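[1] return atomic coordinates for the entry below.
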Amino acid sequence: MSRRRTPVQAAPRCTVTVCRGCCCGTAKVPGVDHAAQLAYLKAELGSVVQVRVVNCLDACEQANVIVVQPSPEGRAAGGRPVWLGLVNDPDVTADIAEWVRSGGPGLADPPEILDLYTFGPSRRVRRVLEG
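    Now for the predicted structure:
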């Protein structure tokens, strides 16, 4: 007699949204290997969280923009989406990846250096991403 196994579902995880639109990820932000940045995030985080690419987050003055949204567990612990701008240095990208691997918003404190990159988008932009 064979037993049917119930598929094991992975725990919900946080989401890392990478802007790649009119300014982010383009030559408008010189001196950055945009493809390498995205490849690094996918390689480092793809097995742990969802890394998604969006066309434009309408925060062009902050290019390159990355948003880290908490997992349901992180949100329950008080975590909220964290908007990071001017992410144009490989070391900052690595700091983001390390924080996300540790749990992200609500579950792990971000490295203090990320305070320099955190910004608040307009309510309209926030609604579009979070809604």
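
[2] quick one, phi psi at the residue nearest to residue 55 when sequence neighbours are not counted?
    Using C-beta to C-beta, 6 or more residues apart in numbering and skipping residues adjacent in sequence, the residue nearest residue 55 is residue 21, 4.6 Å away. C-beta: built from backbone N, CA, C; applies to glycine. Main-chain dihedrals, residue 21, degrees, to the nearest 10: phi -120, psi -130.

[3] OK, contacts around residue 21?
    By C-beta atoms under 8 Å, 6 or more residues apart in numbering, the residues touching residue 21 are 54, 55, 56, 57, 60.

[4] residues touching the residue minimising distance to the centre of the chain, list them.
    Closest to where the C-alpha atoms of the chain average out (C-alpha atoms, centre = their mean) is residue 16, at 2.5 Å. If you count contacts by C-beta under 8 Å, 6+ apart, residue 16 has them with 41, 45, 49, 50, 51, 52, 66, 67, 68, 69, 96, 100.

[5] and for residue 16, nearest residue in space, chain neighbours not counted?
    Closest to residue 16 by C-beta to C-beta, 6+ apart is residue 51, at 4.8 Å.

[6] can I take it that the one you found is in a strand?
    Yes: using DSSP: H, G, I helix; E, B strand; the rest coil, the assignment for residue 51 is a strand.

[7] wait, it sits on residue 39?
    No: contact between residue 51 and residue 39 fails when scored by C-beta atoms under 8 Å: they sit 10.3 Å apart.

[8] out of the two, which sits in the more crowded spot?
    residue 51 (19 against 12; other C-beta atoms under 10 Å).

[9] please name the nearest non-neighbouring residue to residue 71.
    residue 14 (4.5 Å).

[10] pLDDT score for that neighbour?
    What the model reports for residue 14 is a pLDDT of 93.

[11] wait, what's in contact with it?
    Residue 14 neighbours (C-beta under 8 Å, 6+ apart): 49, 50, 68, 69, 70, 71, 74, 100, 103, 104, 105.

[12] please look at the fifth one and residue 108 and confirm they touch.
    In this case it means residue 70. No: using C-beta under 8 Å, residue 70 is not in contact with residue 108, being 10.2 Å away.
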